[in-house]
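1. Would you be able to build a 3D model of this:
(2 chains, ligands or ions: 2)
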Amino acid sequence: MFGAAGKSSAYPLGINPAILLVAVFLLGYPLFASDFFTFQIGAYSLILGTIALSLTMLAGYGGMVSLAQMTVAGFAAYVMAILGTNSVGVMGLGWPWWLTAAIAILGAALLSTFIGAISARTEGIYTIMITLAIAVAFFYFVRQNYVIFNGFTGFAGIEPPTLFGVYWRDPMPFYYLCLAVAAFFYFAVLYGSRSSFGLGLQAVRDNPRRVRALGINVFSHRVVAYFYAGAIAGTAGVLLVWFNGRVSPGLVGVDMVIDILVIAVIGGLGAPIGPFLGAVAFVLLENFAIDLIDRERFNTVIGLAFLLIVLFSPDGMLGLWRRAESRIRLPRANALWGARANRDDWHSASSPKRM
Amino acid sequence: MDEPGTAVPRSALPQAGQFALELTGVSRHFGALVAIADIDMTVRAGERRAVLGSNGAGKTTLFNAITGDFPPTSGRVRLFGEDVTYLPVHERIRRGLRRTYQISLLFGGLSVIENIFLACRGVGRGRFSLLRPRPDDGAMEMAETLLDAVHLDDRRDTPVAELSHGEQRQLEVALALSGAPRLILFDEPAAGLSPSERADLVEILQSLPPHIGFIVIEHDMDVALRVAERVTMMHNGRIFKQGTPEEIENDPEIQELYLGHGERGGGRA
Ligand SMILES: Nc1ncnc2c1ncn2[C@@H]1O[C@H](COP(=O)(O)OP(=O)(O)O)[C@@H](O)[C@H]1O
Ligand SMILES: [Mg+2]
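-> Residues are numbered from 1 along each chain as shown, chains lettered A, B, ... in the order given. Ligands and ions are numbered 1, 2, ... in the order given. Next up, the predicted model:
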């Protein structure tokens, strides 16, 4: 209905063959990939990608760079350990998985809303600093609080349920679970970007002053965006604690907080596919750069990659792709990444200049 | 001003409602610079007013003080009888105030129809909805109507960043007409428009329903004098003369200063 809808119908059945190809690959991936590649690379990339997607939503569409998205995901992970079952003998109330998961996601969304309420009156670098401060405060809090968060040790033995006769931590089912969640939020963000709220959020990003002159309350619009982003990050946090089987302060430490930013930026803030590209690149580097260089230097490699991307392609890997595409003039190649070649989904990202 | 509820006689209240806008002693300073000083001005509901004045006279600052973009340093702003001096911008908009900006302030990442739709949705229900608007959505229907009204229907799905200057000005006007405006402030809407676009604009302004009042800042005397019932001249942050277009046009002092010996159109002091 909005704009680009007509463009995609140029394909048979209205489906872009490139998208079909990607979908088939993602669905068939565990059939030929090893357990290691299915679980450690595939599922983990999808989880990190989903957390980074929540940042992309805030930064790309809303112009708000929040460093606390990992904190929000980590909070959900902690809630799973505290209200559900763990093996360390602290907390672990043993509530059913669906109840703990629902509370974890809602709790994460509310925490995110609270973070938004604190930071949404700031702009640009100040948003980054205040959310970083919140992330660091949360890290020290869980590390020092033994009564609820079990301090330095954290929790272990957190497992997904066995449901329909399937143990969901087995690589293949877990991969598909992560794929389903990632795909759901990917399409939700893509669809939502043209919704009343999504348009309003981009308007707030493009021009907060004009938004006020339309009678819209900029602050509340931003805070609601944090709520939605928190639900995304929280859901990914539930997957993350099932993936790791454990949660400790390290999960919400500054390293991880920065990693999420790196993933989102490397991938490109311009479209919801960006964070997933970034996550795959990050996870591959994390796993295989160690073979080439020692562990200590990993952060240097990541940092260097980050710097190169920021310097040479501010739109991340998405931007690299676009430039390559325009050079070799691949017709419609950009449609590979978006459900439709909607230019806004691409170009909106260049706006974090206004952040 | 008045003590609330004491001295104000009941009979005086409806009279206050006759005014869309009342400014009393409005000043705005930027540091040591006095952009506007001690402005007293009333605009009746439904009145069409033009504000003229050279660059830097304080016209835009006056608008900013009325909308709250830059609230006045001192003085009072009353909208439709209500004191809004301390209300935030979006609250004033909700009371029927609209404005356009001298330098187009639009949402460059969104398409034309999306810009207008947002303005129409404004504070309506569903602004936090994650669903895409349906064509029969009230705000969407209104947006389509406005799209036609400002002659942008062939640019419906174009990203705003790709519009020409004139088209952006037209879109500004559409945004200002959205919702239920009662008083619209147009800041140099004709600036940079071609003669035909200018004629379109005059037509749009003249065909507004009578209950919608507006104040238009305009350098082009032809446009200003054709759409306005009253004219306010500003100079150095102060009101320097007010009157009907005829009075202003025939005022020898103004002819000398502003029109430059009867030469018309785009004349500046
Ligand atoms: N935000 C601002 N900060 C500092 N000075 C300003 C600002 N806005 C306007 N001014 C000054 O106020 C005076 C009036 O400006 P303005 O209202 O824009 O004039 P006009 O719209 O009549 O051309 C000018 O001297 C201008 O430099
Ligand atoms: Mg001006």
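2. The top helix by length along chain A - contacts with which helices or strands?
-> In chain A, assigned by DSSP state H, the helix with the most residues is helix A:218-244. The criterion is 3 or more CB pairs under 8 Å, 6 or more residues apart in numbering or on different chains; DSSP states H and E, and the helices and strands that helix A:218-244 contacts are helix A:44-56, helix A:69-83, helix A:97-119, helix A:171-192, helix A:196-206, helix A:208-212. The C-beta positions use only the backbone N, C-alpha and C, and glycine is treated the same way.
3. What mean pLDDT does it get?
-> The average pLDDT within helix A:218-244 is 94.
4. just to revisit the earlier point, out of the helices and strands packed on helix A:218-244, which gets nearest to ligand 1?
-> helix A:208-212 (11.7 Å; CB to the nearest ligand atom).
5. Now render the helices and strands packed on helix A:218-244 as JSON lines, adding distance to residue B:112.
-> Formatted as JSON lines, the helices and strands packed on helix A:218-244 follow (distance: least, CB to CB, whole Å):
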{"stretch": "helix A:44-56", "distance to residue B:112": "26"}
{"stretch": "helix A:69-83", "distance to residue B:112": "33"}
{"stretch": "helix A:97-119", "distance to residue B:112": "30"}
{"stretch": "helix A:171-192", "distance to residue B:112": "21"}
{"stretch": "helix A:196-206", "distance to residue B:112": "12"}
{"stretch": "helix A:208-212", "distance to residue B:112": "15"}
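6. which one of the ones you listed has the lowest average pLDDT?
-> helix A:208-212 - the lowest mean pLDDT of the helices and strands packed on helix A:218-244, at a mean of 84.
7. Where does pLDDT dip in the stretch 1-150 of chain B?
-> Low-confidence segments of the stretch 1-150 of chain B, defined by pLDDT under 70: B:1-17, B:123-124.
8. how about the strands in it?
-> Secondary structure of the stretch 1-150 of chain B, counting by DSSP state E, counting those that start in this stretch: strands at B:19-30, B:33-44, B:48-53, B:74-79, B:82-83, B:97-99.
9. Listing request: residues of the stretch 151-269 of chain B with sub-threshold pLDDT.
-> B:258-269.
10. residue in it nearest to chain A?
-> Nearest residue of the stretch 151-269 of chain B to chain A: residue B:157, at 3.8 Å (CB to the nearest CB).
11. ok, back up a step: just send the helices and strands packed on helix A:218-244 back as TSV, with mean neighbour count and distance to ligand 1 too.
-> Compiled in TSV, those are given as follows (neighbours: other CB atoms under 10 Å in any protein chain shown; distance: least, CB to the nearest ligand atom, whole Å):
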stretch	mean neighbour count	distance to ligand 1
helix A:44-56	28	33
helix A:69-83	29	35
helix A:97-119	21	26
helix A:171-192	19	35
helix A:196-206	25	20
helix A:208-212	20	12
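12. Tell me which of those helices sits nearest to residue A:270.
-> helix A:44-56 (8.5 Å; CB to CB).
13. and the angle for that closest one with helix A:171-192?
-> 20 degrees (axes from the mean of the first three to the mean of the last three CA atoms, to 10 degrees).
14. any residues touching helix A:44-56, and which ones?
-> A:65-66, A:69-70, A:72-73, A:175, A:178-179, A:181-182, A:185-186, A:189, A:229-230, A:232-233, A:235-237, A:239-240, A:243, A:259-261, A:263-264, A:267, A:269, A:272, A:274-276, A:278-280, A:282-283 (CB atoms under 8 Å, 6 or more residues apart in numbering or on different chains).
15. from the chain's centre, how far out does that helix sit?
-> Computed by CA atoms, centre = their mean, to the nearest Å, the chain-centroid distance of helix A:44-56 equals 2 Å.
16. ok, the spatially closest residue to residue A:60 that is not a sequence neighbour - how many residues close by?
-> Nearest-residue entry for residue A:60: residue A:269, 3.9 Å, with adjacent residues in sequence omitted and distances by CB to CB, 6 or more residues apart in numbering or on different chains. Counted with other CB atoms under 10 Å in any protein chain shown, the neighbours of residue A:269 add up to 31.
17. Was I right to think residue A:269 contacts residue A:316?
-> Yes. Using CB atoms under 8 Å, residue A:269 is in contact with residue A:316, at 6.9 Å.
18. Residue A:209 against residue B:107, yeah?
-> No. Shown here, residue A:209 and residue B:107 do not form a contact pair, counting by CB under 8 Å, at 11.4 Å.
19. quick one on the thing from earlier: kindly reformat the helices and strands packed on helix A:218-244 as TSV containing distance to ligand 2.
-> Below are the helices and strands packed on helix A:218-244 laid out as TSV (distance: least, CB to the ion, whole Å):
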stretch	distance to ligand 2
helix A:44-56	38
helix A:69-83	42
helix A:97-119	34
helix A:171-192	38
helix A:196-206	22
helix A:208-212	15
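20. closest one to residue A:150 among those?
-> Between the helices and strands packed on helix A:218-244, helix A:69-83 lies closest to residue A:150; by CB to CB that is 8.3 Å.
21. Let's see that closest one as CSV, backbone CA atoms only.
-> Extracted in CSV, the C-alpha atoms of helix A:69-83 (Å, rounded to 0.1, in the frame of the first residue of the first chain):
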residue,chain,number,x,y,z
GLN,A,69,20.7,-3.3,24.7
MET,A,70,23.0,-6.1,25.9
THR,A,71,22.2,-5.1,29.4
VAL,A,72,18.5,-5.6,28.6
ALA,A,73,19.1,-9.0,27.0
GLY,A,74,21.3,-10.0,30.0
PHE,A,75,18.6,-8.9,32.4
ALA,A,76,16.2,-11.3,30.6
ALA,A,77,18.9,-14.0,30.9
TYR,A,78,19.2,-13.4,34.7
VAL,A,79,15.4,-13.5,35.1
MET,A,80,15.3,-17.0,33.5
ALA,A,81,18.0,-18.2,35.9
ILE,A,82,16.4,-16.6,39.0
LEU,A,83,12.7,-17.5,38.4
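22. Give me the angle between that helix and helix A:44-56.
-> Using the same axes, to 10 degrees: helix A:69-83 against helix A:44-56 is 120 degrees.
23. which helices and strands sit right next to helix A:69-83?
-> Against helix A:69-83 (3+ CB pairs under 8 Å, 6+ apart) you get helix A:44-56, helix A:97-119, helix A:125-144, helix A:218-244, helix A:254-267.
24. just to revisit the earlier point, tell me the most buried of the strands of the stretch 1-150 of chain B?
-> Highest mean neighbour count among the strands of the stretch 1-150 of chain B (mean count of other CB atoms under 10 Å in any protein chain shown): strand B:97-99, with a mean of 27.
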